[in-house]
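Novice: coords below, sequence missing:
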């Protein structure tokens, strides 16, 4: 029996090649999109799960009454402190750096700029279960001035040679001996471990005032985060904070407290307590992919119903010969299964084409067929069963309910109930399409808003140059004068926080002003920094070359800092700089707020100072050069030529702030393209579904159309008659989709600190687009039917 079902399914597929092909392609597109995003989600959820012991690793963070202000930074001795005071901790380590920041690594004549450079301590391998390809893991990090490099870096610097016991130079200042070659992790990891090194200066940096390190703890057993937090905070209070008879409960209830919080390493990539995560984006994409799959299943049902007219007599004959509704039902469900499996096969072929592009677009190592991950196959299998049920159930029920007498007489009508279900499917399909169209318009509007909104400064023709510490500190004035001598160079300045950088220094310090303490982001700049960016001073004055300004006795606040302080006239007010108890600084000016990051982030309250001649030393960022005049290319060429004499050992690396800001929006641009693609597919699938239902309705009304034409009805009247019901249903779909789209868009826009308003043109354009698509789809068939010779229609009937 089952063999017979599948044989008939194949015959009918080849008999209706056009409708069958549209059916299969529409469903395959939906399946391929859904599986692709499903693979992506599984990949993201596999971060830091490549070794069982990582389940016991936790990262520490700190926050105070103003919220998370340390951005992952913790005091250097914190890990060892907890290892010595908590019996539940097996090991602890502190690291600094890593990420995508690129630094110069040299050996002999070889020079490369490498990311993933991480300062570690001797206990790194006690916490993280990495293995070495070469070298002894137990001894590799026992001494300062040693380094472990990845296989990738080893290949770049030494080719096929064994690099152990050879030396590299890091940042052009540190000589390090290579003691091992790191084996890559067996799965995705949140740590970028290309170069691990022990600093020769680590003893001087090992103090409680240094918040540059990230602390990781390895526990004896996995522990709920809340329980661990309570334990660690109590230990920290008892051993570090408690000075009088105050109890831990009283300290916890006070406003002025520092709170420690732990995060499971396996959760950090997707569910961090501080910093950003793209998991929300993944869930949005998964939701959209599921909607697209649902649209494909609905389209499958509609097309199956449209083609069922040609098989109505077959059903009637089967029933006359004794087939019950159950057999007919399973016959058509088996046909849906066959089409579903063909669609799945085609979807896999599509994935083979799409995945390489997707991997490049999102910069991920996405495995298509991971034989070790059985869960993905279970997920795909469940997905396919749901698709077959969703897409095949309605056509199977619809066909099995045909009245034998009616269909043999040529009456294929299913009455109001059948028409109502078809109408409901059409409403669902166009609701999804209108939702997609509305969503892509909102995304495009937000992207235009972020790219065109006033950043608060002028980034045009501002050049950012990476410099070594000596160039940016001891030699800065000499280099600045050399650059200013080049025609076309207007201003030269430096900053520890460069606008447009992907990762900016968000170091915060506690400032005291008029008896109050407030945490402000600290940024070190040079004179002419605000002029370089054309950022206006709103109150007071800019920095100058006098002693107080150059020795951190003067502070310029931004508007956000003034608002945080609650001052109306801050200029001239005394302010105490962090870690500087020997003198008192003064607020000399207020600069207009300007955004150094994308508009997804709030503008931070900032205190600007210049000079490292007093306390609060800071280094990093880069050099900024403001160009002017029409010959920018000649100016850049002159700067490149000059640089060979300024840093002969390091090739110049520069970019422009305009380009850097555009790179900040790459993730949003990718999402914009994916959603636009999904929208196009959803609309195409909806058009195919509407096309099928229009054909179905015209088939049902063939005799009526012929009679109306004989009685004098013109083309416009018949077109309106056929189109009226569809347009009503599409109107209902729009009414449902717009409020839903508005609500979802509002939730998405809440993730941006600065966002566009969703105004009436977005709604109007969505309505016109959906109606335009529907009218074109319906109109072509209805006009064709209305213009057909009525005699031919009646003869057919």
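Specialist: Great, that's in hand. Bear in mind that the values here come from a model prediction, so they are computed numbers and not experimental data.
Novice: Touching, residue 449 and residue 758? I think so.
Specialist: No - the pair residue 449 / residue 758 is not scored as a contact, 10.9 Å apart, by Cβ atoms under 8 Å. For every residue, glycine as well, the C-beta is placed using N, CA and C.
Novice: Now for the two: what residues contact both?
Specialist: Taking Cβ atoms under 8 Å, 6 or more residues apart in numbering as the contact criterion, no residue touches both residue 449 and residue 758.
Novice: show me where the stretch 401-550 of the chain has helices.
Specialist: 404-409, 415-452, 469-472, 476-484, 529-533, 547-550 (DSSP state H, counting those that start in this stretch).
Novice: where's residue 568, which helix or strand?
Specialist: For residue 568, there is no host helix or strand (DSSP states H and E).
Novice: repeat for the one 4 residues further on
Specialist: For residue 572, there is no host helix or strand (DSSP H and E).
Novice: I'd like the distance between it and residue 501.
Specialist: Distance, residue 572 to residue 501, by Cβ to Cβ, to the nearest Å: 33 Å.
Novice: Tell me how many other residues surround residue 88.
Specialist: For residue 88, the neighbour count with other Cβ atoms under 10 Å is 14.
Novice: hmm, back to that, comparing residue 572 and residue 501, which shows the higher neighbour count?
Specialist: residue 501 (22 against 10).
Novice: wait, isn't the more buried one in contact with residue 663?
Specialist: No - using Cβ under 8 Å, residue 501 is not in contact with residue 663; the gap is 9.5 Å.
Novice: Could you report the pLDDT at the closest residue to residue 523 other than its chain neighbours?
Specialist: For residue 523, ignoring the flanking residues on the chain, the nearest one in space by Cβ to Cβ, 6 or more residues apart in numbering is residue 497 at 4.6 Å. With respect to pLDDT, residue 497 scores 81.
Novice: For residue 497, what are phi and psi?
Specialist: Dihedral angles of residue 497 (phi, psi; degrees, to the nearest 10) stand at phi -130, psi 100.
Novice: Would you mind measuring from it to residue 127?
Specialist: Distance of residue 497 to residue 127, computed by Cβ to Cβ: 31 Å.
Novice: do residue 227 as well
Specialist: 20 Å.
Novice: Then residue 492?
Specialist: Where residue 127 is concerned, residue 492 sits at a distance of 44 Å (Cβ to Cβ).
Novice: With residue 650 instead?
Specialist: Shown here: residue 650 relative to residue 127, a distance of 34 Å by Cβ to Cβ.
Novice: Residue 565 is nearest to which of the helices of the stretch 401-550 of the chain?
Specialist: Closest to residue 565 of the helices of the stretch 401-550 of the chain, according to Cβ to Cβ: helix 529-533, at 19.7 Å.
Novice: Just the buried positions in the closest one, please.
Specialist: Under the neighbour-count criterion of 16 or more other Cβ atoms under 10 Å, helix 529-533 has 529, 530, 531, 532, 533 buried.
Novice: Also stretch 174-183?
Specialist: Buried residues in stretch 174-183 (16+ other Cβ under 10 Å): 176, 178, 179, 180, 181, 182.
Novice: List of residues touching the helix or strand residue 229 falls within?
Specialist: Per DSSP H and E: residue 229 is located in helix 225-236. For helix 225-236, the external contacting residues (Cβ under 8 Å, 6+ apart) are 58, 60, 82, 85-86, 88, 219, 248, 252, 258-264.
Novice: ok, now stretch 585-593?
Specialist: For stretch 585-593, contacts defined as Cβ under 8 Å, 6+ apart pick out 456, 513, 530, 535-543, 548-549, 552-560, 562, 570-577, 603, 608-609.
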